[in-house]
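Q: Structure, please.
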Amino acid sequence: MNKKKYKLLVVDDHPIVAEGIVALASRQENVVCKSADCLEELKQAASNERFDLCIIDLELPGSNGFKAVEYLHSQMPECRILIYTMHEEPWTVAQLSDVDIDGAVSKNDSIGELDTAIRQIREGERYFSHAFAELKQDDPKHDIHKVPVLSKREKEVLTYLSQGLSTAQIAQMLFLSVNTVQTYRKRLLEKLEAKNVAELVCKGKTLF
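A: As a prediction, this is how the structure comes out:
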């Protein structure tokens with residue numbers, strides 16, 4: 001008699017990454033994989049069948065991984081959840097400590113780390129790679145990883161920066177001086193501990 005298939009869903013909007021995870025997981029015994037590139041595709045897949053494990057990226061088009069986790073908890077609570085993300089910021093760790101997940105692996109880790117995580121979760125364990133090691137604790141210390149608080153104006157500037165607008169264009173959009181926008185940008189770089197605008201935009205995607 002054949003063993004029951006272990007059903008795994010990969011939620012990542014980067015095709016190469018998703019295909020790589022599917023290829024990796026499919027090498028494990030009795031695993032079948034599907035993929036989705038956004039929250040809507042996840043919902044569609046979940047409406048048709050049940051999954052044993054869902055591997056989720058925190059960055060999803062039009063949404064984020066936290067909303068995907070929330071959806072799974074409400075609609076498929078038996079499904080175990082593994083976060084696979086490039087975001088290792090302290091506030092990301094703090095946010096993850098507030099949600100019920102079974103593991104987290106950084107995309108900066110070796111691919112073998114992800115393989116190990118899948119195997120251990122299949123065996124009923126939890127798995128967190130080094131970047132998320134403190135999530136293993138039963139009572140994580142949230143106070144040392146405060147999520148940066150952004151003002152309404154800072155959020156507006158960050159949103160426009162993420163859309164590729166220049167300082168001058170943002171100043172025109174918000175009816176502010178260029179110097180004022182530069183001040184907001186400098187403040188955002190400091191709050192999010194980013195070296196440049198590209199890193200700032202990348203880190204900002206996990207905040208809202």
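Q: Excluding sequence neighbours, find me the nearest residue to the most centrally placed residue in the chain.
A: Nearest to the mean C-alpha position of the chain, by CA atoms, centre = their mean, lies Leu58 at 1.4 Å. In this structure, Leu58 finds its nearest non-sequential neighbour in Gly65, 3.8 Å apart by CB to CB, 6 or more residues apart in numbering. Quick note: C-beta positions are derived from backbone N, CA and C, even for glycine.
Q: Neighbours of that neighbour, how many?
A: Neighbours of Gly65 under the rule other CB atoms under 10 Å: 27.
Q: so it makes contact with Glu59?
A: Yes - with contact taken as CB atoms under 8 Å, Gly65 and Glu59 are classed as touching, separated by 7.2 Å.
Q: Before we move on, what's the pLDDT of the residue nearest to Leu58?
A: The predicted local distance difference test score for Gly65 is 92.
Q: so how far is Cys202 from it?
A: Separation of Gly65 from Cys202 (CB to CB, to the nearest Å) stands at 15 Å.
Q: before we move on, what about Glu49?
A: In this structure, Glu49 lies at 33 Å from Cys202, with CB to CB as the measure.
Q: Ok, Met76 next?
A: Going from Met76 to Cys202 by CB to CB gives 30 Å.
Q: any idea whether Gln120 is helix, strand or coil?
A: Look at Gln120: counting by DSSP: H, G, I helix; E, B strand; the rest coil, its state is helix.
Q: what sits against it?
A: Gly103, Arg126, Tyr127 (CB atoms under 8 Å, 6 or more residues apart in numbering).
Q: beta partners for the first one?
A: When bridges are taken as DSSP bridges, the partners of Gly103 come out as Leu82, Tyr127.
Q: wait, it sits on Ile121?
A: Yes - in terms of CB under 8 Å, Gly103 counts as a neighbour of Ile121; the distance is 5.6 Å.
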